[in-house]
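A.B. asks: What follows is a predicted structure for the sequence shown.
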Amino acid sequence: MLNASPTEGRPGLSKRSSDTQPMPFEDLGLEAQTALLRRVFDDSTAIEWSEEDVVLLHWKLLQQLADLSKPKTPMFEKIDILRWVFTDRSGDAKPFSFVNCVKVVSSSPLSPTPYFGATDVEQIRDWIRYHAHAWFGATLERFPAWIRDAIVQNPDWIERKLVNNPQWLNEQIKQHTVNSDLFA
């Protein structure tokens, strides 16, 4: 068995020389490959979701809240999460809104959390609002002073830059570091 090919006995993977990767479904004919790819990338194919799958998806979205407290979470991600939490109240009834995620996870018997019943979403928002300053402060501490000052003095401008390019802050730091090194 030690001399067996890594693709031997694995349907859909053809044998190739040891210096190349196996190609999935290479041994299928062109028509079969095309049909398979059409099936995989066909947006009209209905996907069956169980109730448990839907609850777990709501739970997965809520788990992103934990990233707010992590100093290494990029600023743009924190802003995006907070936009989701504090969206316009007219969006609260939409599927996968923050409010709906809390309702589904807190009341479903299929939730991965223990049942805790009806939950006051505004209390959760208040708690997040209270801690947001410290969470952003921890992320800001990771930046050089000149970036922190720019963010504090002109947050809307920085936000627009990040919306257009989430890596903008990193690029500015890198560019500033390179320019500083040239004159050191």
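C.D. replies: Nice, I can see it.
A.B. asks: any idea how far stretch 68-82 is from the chain center?
C.D. replies: 11 Å (CA atoms, centre = their mean, to the nearest Å).
A.B. asks: contact partners of that stretch?
C.D. replies: Residues outside stretch 68-82 that contact it (CB atoms under 8 Å, 6 or more residues apart in numbering) are 64-65, 67, 128, 131-132, 135-136, 138-142, 151, 159, 162-163, 166, 169. For every residue, glycine as well, the C-beta is placed using N, CA and C.
A.B. asks: now those residues: which count as buried?
C.D. replies: When the contacts of stretch 68-82 are checked for burial by 16 or more other CB atoms under 10 Å, the buried set is Leu65, Ile128, Ala132, Trp135, Phe136, Thr139, Leu140, Ile151, Leu162, Leu169.
A.B. asks: Same list (these) but as CSV, adding distance to Val102, pLDDT and secondary structure.
C.D. replies: CSV is the format used below for the buried ones among the contacts of stretch 68-82 (distance: CB to CB, whole Å; pLDDT from 0 to 100; DSSP: H, G, I helix; E, B strand; the rest coil):
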residue, distance to Val102, pLDDT, secondary structure
Leu65, 10, 95, helix
Ile128, 11, 96, helix
Ala132, 17, 95, helix
Trp135, 19, 95, helix
Phe136, 22, 90, helix
Thr139, 24, 91, helix
Leu140, 28, 89, helix
Ile151, 30, 84, helix
Leu162, 27, 83, helix
Leu169, 31, 83, helix
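A.B. asks: List just the nearest of those to Val105.
C.D. replies: Distances from Val105 to these, taken as CB to CB, are shortest for Leu65 (11.3 Å).
A.B. asks: leaving aside the residues next to it on the chain, what's closest to Ile151?
C.D. replies: Of all residues not flanking Ile151 in the chain, Ile158 sits nearest, at 5.1 Å (CB to CB, 6 or more residues apart in numbering).
A.B. asks: And for Ile124?
C.D. replies: Spatial nearest neighbour of Ile124, chain neighbours left out: Val102 (6.5 Å); criterion: CB to CB, 6+ apart.
A.B. asks: Distance check, the residue nearest the centre of the chain against Leu82.
C.D. replies: With distances taken as CA atoms, centre = their mean, Gln64 lies nearest the centre of the chain, 7.6 Å away. Separation of Gln64 from Leu82 (CB to CB, to the nearest Å) stands at 11 Å.
A.B. asks: Relative to Gln175, how far out is Leu65?
C.D. replies: Distance from Leu65 to Gln175, counting by CB to CB: 33 Å.
A.B. asks: still on that earlier bit, now do the contacts for the residue nearest to Ile124.
C.D. replies: Leu62, Thr119, Val121, Ile124.
A.B. asks: Helix, strand, or coil at Asp149?
C.D. replies: Under DSSP: H, G, I helix; E, B strand; the rest coil, the three-state class of Asp149 is helix.
A.B. asks: Can you give me the pLDDT of it?
C.D. replies: With respect to pLDDT, Asp149 scores 88.
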